[in-house]
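Chemist: Any chance you can model this:
(chains A and B)
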Amino acid sequence: MIPKHRLLTLLSASALASTLIGASGELPIIAVSDLSKLVPVSVEGFTGDAGAAIRFDLEVAGFELTTPDKALLLVSGSSAGNLTGRVTDRSRNTLLNKQYTGASARAQAHAFSDDIVALLPGRQGIARTKIAFRVETKGVSEIYLADYDGYNALPVTQDNTINRDVAWVPGQRMLYYTSYRTGNPFVYSHNLQSGARQLIAGYSGVNAAPAVSPDGKRVAMILSKGGSPDVYVANADGSGLKRLTTTKEDESSPCWSPDGRRICFASRAGGWAQLYTVSADGGPMTRLTTTEASRTTEPDWSPDGKTIVFTAQMGGFQICTVPATGGRATILRPGEDPSWAPNSRTVIFTRRVGGARVLSLLDVPTKGVKDIRRISGSCSQPAWAR
Amino acid sequence: MKRALLFNLCLAVLLSVTGSVGCRKKPIGPTPIPTGQYGTGSGENKFPATPGGQFPGGEEVRTQPGGEGGMSELPVDPESDMLRDEAFFRDTVVYFDFDRSTVRSGERSKIETVSTHLQSNPAHKLKIEGHCDERGTEGYNLALGERRALSVRDYLINLGISSQRIYTSSWGESRPAEIGQNESAWQANRRAEFILLLPKP
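Modeler: Purely as a prediction, here's the structure:
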């Protein structure tokens, strides 16, 4: 019988740990070597919004809520007034003890959650990140912005038309998206501080699916002005346009490698949708093999460069991952249009529920799923700020 | 077991060196949340952009455009000078097979009807709008709808209509002709529609 969490090894003998580390006052370190194992945690003392936010954040981050006797990490504190949070190991050694001030109860809770996640080696909290997405209501769709858990949602556009394909400029408060506000699908940039909008591509045919390079200086798009929907790249303002693919069939959904050198996209050049990559400076298209996943679209390259997440269509849509060099795909769960979080671990994706669509968060190693807060209308095409 | 312990000890030493984890013991006290990450909601851009999507909590997001920027050498949309007549070819809709953009032989006569009209009305132009059923992803469907519109356009060009008179666009799956999750609705939605463009009087 293998113990349930045999790979979660806790160096709880603090004397031993500090001897080895050679500095008194160091706290024990938790080593979690198998990312696919849920980390048992107990949470006590928090109420209301703060308590709900902490529990949600930890579950999304690969923790499993349990009772203190079964927990590896014991989280306690108070959210009456400013949030006070404490984390101990099973031997009651304090790992974290902090008070949080300012902002809202939810913001304090998210900050605490991120501190808890950071106790695990190599893990990065995402509880204070933002998402953008499309909300469709009665044939009209607008771009929205929200916290990663769906709270504090705000419309970015109010055009009473179809706006879609939202993408972030990495590290900036700037979005790119496709808008039909003139009647045709054109690509715009939208500065979130000033509200200023700029037309980036308004050629004949479709102008869609913008993806901004990691350095923010270039934008990849799908344009059909050359006779079929192809991948193009331009400077961030739309100037210096260059065509990267010349197939007769359609290309869709470009995304960038984090080093800015390659662009991954879907193409029907081989008869049905498959993933390809091309150099951002131009060159031949290269197939990205996704063994065991077929009709593959909507790729997104992880910020650490290692993994591409995408949608496969195999009797319904499936969220899959594949190494960025290609190979055997891992089919994770039903869903579509995935987008990586900055931690290269969590993914936000779209789920169809009846006729509507909702957004859910997926912890890729544990395959845990949680819906974000429901927003009226049909939500899709999530883009994680990173 | 010994090996596991050794591994973890090595990890502990490594981590203490890199300082990537671990928390120094300190007395409990206020840890102010950096104001750079959680502003008071004044809406002013006081803070530099932070990678990772962290915003001041109460930051105002402007939804009203502050004005259009220049469109850097982009052509003016030529069809904006024309009137859209959506009714004229309402009953002339070209349908497609699932996940295909090739024109079915049974649909060709519809395109020939449109061609005949354009040949006898040289001042008229045409917009072709492609659509998809909901059984493709949203990113893929926008491109597939455009590919359908372009297939119809290619057929018209082969019939002798100038490419300068034909514009295309795609709505993906956003404008279904029929709501429903069955083959009859899906077939009705996999289509290309013709909009007659008339010169403004």
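
Chemist: Mind naming the longest strand for chain B?
Modeler: Longest strand in chain B, counting residues (DSSP state E): strand B:191-199.

Chemist: Are that strand and chain A in contact anywhere?
Modeler: No - using CB under 8 Å from any CB of the partner chain, strand B:191-199 stays clear of chain A, with a minimum separation of 10.0 Å. Yep, even glycine has a C-beta here, placed from its N, CA and C like the rest.

Chemist: Contacts made by that strand with the rest, please.
Modeler: With CB atoms under 8 Å, 6 or more residues apart in numbering or on different chains as the test, strand B:191-199 has contacts from B:79, B:81-86, B:88-89, B:92-96, B:114, B:117, B:123-131, B:148-149, B:151-152, B:167, B:177.

Chemist: burial count for the nearest residue to A:Thr47 once chain neighbours are set aside?
Modeler: Take A:Thr47 and drop its neighbours on the chain: the residue closest to it by CB to CB, 6 or more residues apart in numbering or on different chains is A:Ser79, 5.8 Å away. For A:Ser79, the count of nearby residues is 22 (other CB atoms under 10 Å in any protein chain shown).

Chemist: Contacts only, for the closest residue to A:Ser279 other than its chain neighbours.
Modeler: Leaving aside its chain neighbours, A:Ser279 sits nearest to A:Arg262 (6.0 Å; criterion: CB to CB, 6+ apart). Applying CB under 8 Å, 6+ apart to A:Arg262 gives the contacts A:Trp256, A:Thr277, A:Val278, A:Ser279, A:Ala280.

Chemist: do the same with A:Arg106
Modeler: Contacts of A:Arg106 (CB under 8 Å, 6+ apart): A:Asp49, A:Ala50, A:Ala53, A:Asp147, A:Tyr151.

Chemist: ok, back up a step: from A:Ser113, how far out is the residue nearest to A:Thr47?
Modeler: 12 Å (CB to CB, to the nearest Å).

Chemist: What does the pLDDT read for B:Gln181?
Modeler: For B:Gln181, the model assigns a pLDDT of 89.

Chemist: do the lengthiest helix in chain B and chain A meet at all?
Modeler: Counting residues, the longest helix found in chain B (DSSP state H) is helix B:138-158. Yes - shown here: helix B:138-158 in contact with chain A (CB under 8 Å from any CB) through B:Glu138, B:Gly139, B:Tyr140, B:Leu142, B:Ala143, B:Leu144, B:Glu146, B:Arg147, B:Leu150.

Chemist: Would you mind listing the buried residues in the longest strand of chain B?
Modeler: B:Arg191, B:Ala192, B:Glu193, B:Phe194, B:Ile195, B:Leu196, B:Leu197 (16 or more other CB atoms under 10 Å in any protein chain shown).

Chemist: Among these, list the two that are farthest apart in space.
Modeler: Within the buried residues of strand B:191-199, two members stand farthest from each other by CB to CB: B:Arg191 and B:Leu197, at 18.9 Å.

Chemist: Just checking, which helix or strand of chain B averages the lowest pLDDT?
Modeler: In chain B, the helix or strand scored least confidently by mean pLDDT, DSSP states H and E is helix B:2-18, which has a mean of 42.

Chemist: following the host helix or strand of A:Thr84, which helix or strand shows up next?
Modeler: Assigned by DSSP states H and E, A:Thr84 falls within strand A:83-88. Heading C-terminal from strand A:83-88, the first helix or strand you meet, by DSSP H and E, is strand A:94-101.

Chemist: Which positions in that next one come out as buried?
Modeler: A:Thr94, A:Leu95, A:Leu96, A:Asn97, A:Lys98, A:Gln99, A:Tyr100.

Chemist: and A:Arg55, that's in a helix?
Modeler: Yes - counting by DSSP: H, G, I helix; E, B strand; the rest coil, one finds A:Arg55 located in a helix.

Chemist: What is the burial count for it?
Modeler: A:Arg55: 18 neighbours (other CB under 10 Å).

Chemist: That one contacts A:Val41, doesn't it?
Modeler: No - with contact defined as CB atoms under 8 Å, A:Arg55 does not count as touching A:Val41 (9.3 Å).

Chemist: overlap in contacts of the two?
Modeler: A:Leu65.

Chemist: Might you list the low-confidence residue ranges for the chain?
Modeler: Since no chain was named, I'll use chain A. Under the criterion pLDDT under 70, the flagged ranges of chain A are A:1-33.

Chemist: my bad, chain B
Modeler: Residues of chain B that meet the cut-off, pLDDT under 70, sit at B:1-78.

Chemist: Break down it into its strands, ranges please.
Modeler: Taking DSSP E as the criterion, chain B carries its strands at B:30-32, B:82-85, B:94-95, B:125-130, B:166-170, B:191-199.

Chemist: about what we covered before: top of the residues of helix B:138-158 next to chain A by neighbour count?
Modeler: Going by other CB under 10 Å, B:Ala143 tops the residues of helix B:138-158 next to chain A with 34 neighbours.

Chemist: who touches stretch A:280-295?
Modeler: A:213, A:218, A:220, A:233, A:242, A:244-245, A:247, A:256, A:260-264, A:267, A:269-270, A:272-278, A:296, A:299, A:308, A:310, A:312-314, A:318, A:320, A:322, A:326-329, A:331, B:99.

Chemist: What's the PyMOL line that selects buried ones from the residues you listed?
Modeler: Burial among those is assessed by 16+ other CB under 10 Å; the matching PyMOL selection reads:
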select buried, (chain A and resi 213+218+220+233+244+245+247+256+262+263+264+267+269+273+274+275+276+277+278+296+299+308+310+312+313+318+320+322+326+329) or (chain B and resi 99)
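
Chemist: And the helices in the stretch 51-200 of chain A?
Modeler: A:105-117 (DSSP state H, counting those that start in this stretch).

Chemist: where do the strands sit along it?
Modeler: Under the criterion DSSP state E, counting those that start in this stretch, the stretch 51-200 of chain A contains strands at A:63-65, A:73-78, A:83-88, A:94-101, A:130-137, A:140-147, A:154-155, A:163-168, A:174-179, A:186-191, A:197-201.

Chemist: name the helices or strands packed onto the shortest one?
Modeler: Which is strand A:154-155. In terms of contacts (3 or more CB pairs under 8 Å, 6 or more residues apart in numbering or on different chains; DSSP states H and E), strand A:154-155 is packed against strand A:140-147.

Chemist: Please identify the buried residues of the strand it packs on?
Modeler: Those would be A:Val140, A:Ser141, A:Glu142, A:Ile143, A:Tyr144, A:Leu145, A:Ala146, A:Asp147, for strand A:140-147 by 16+ other CB under 10 Å.

Chemist: before we move on, back to that, partner strands of the longest strand of chain B, with direction?
Modeler: When pairing is defined by DSSP bridges, strand B:191-199 lines up against strand B:82-85 (antiparallel), strand B:94-95 (antiparallel), strand B:125-130 (antiparallel).

Chemist: Which segments of chain A make up each domain?
Modeler: Domain ranges of chain A: A:8-117, A:131-384, per automatic domain parsing.

Chemist: Nearest to chain B within chain A, name that residue for me.
Modeler: The nearest approach of chain A to chain B comes at A:Ala385, 2.5 Å away (CB to the nearest CB).

Chemist: burial count for that residue?
Modeler: Neighbours of A:Ala385 (other CB under 10 Å): 25.

Chemist: phi, psi of it?
Modeler: A:Ala385 adopts backbone torsions of phi -70, psi 130, taken as degrees, to the nearest 10.

Chemist: Distance of it relative to A:Gly171?
Modeler: 9 Å.

Chemist: picking that back up, redo the contacts of A:Arg262 as JSON lines? Include secondary structure and distance to A:Gly355.
Modeler: Compiled in JSON lines, the contacts of A:Arg262 are given as follows (DSSP: H, G, I helix; E, B strand; the rest coil; distance: CB to CB, whole Å):
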{"residue": "A:Trp256", "secondary structure": "strand", "distance to A:Gly355": "33"}
{"residue": "A:Thr277", "secondary structure": "strand", "distance to A:Gly355": "35"}
{"residue": "A:Val278", "secondary structure": "strand", "distance to A:Gly355": "36"}
{"residue": "A:Ser279", "secondary structure": "strand", "distance to A:Gly355": "41"}
{"residue": "A:Ala280", "secondary structure": "coil", "distance to A:Gly355": "38"}
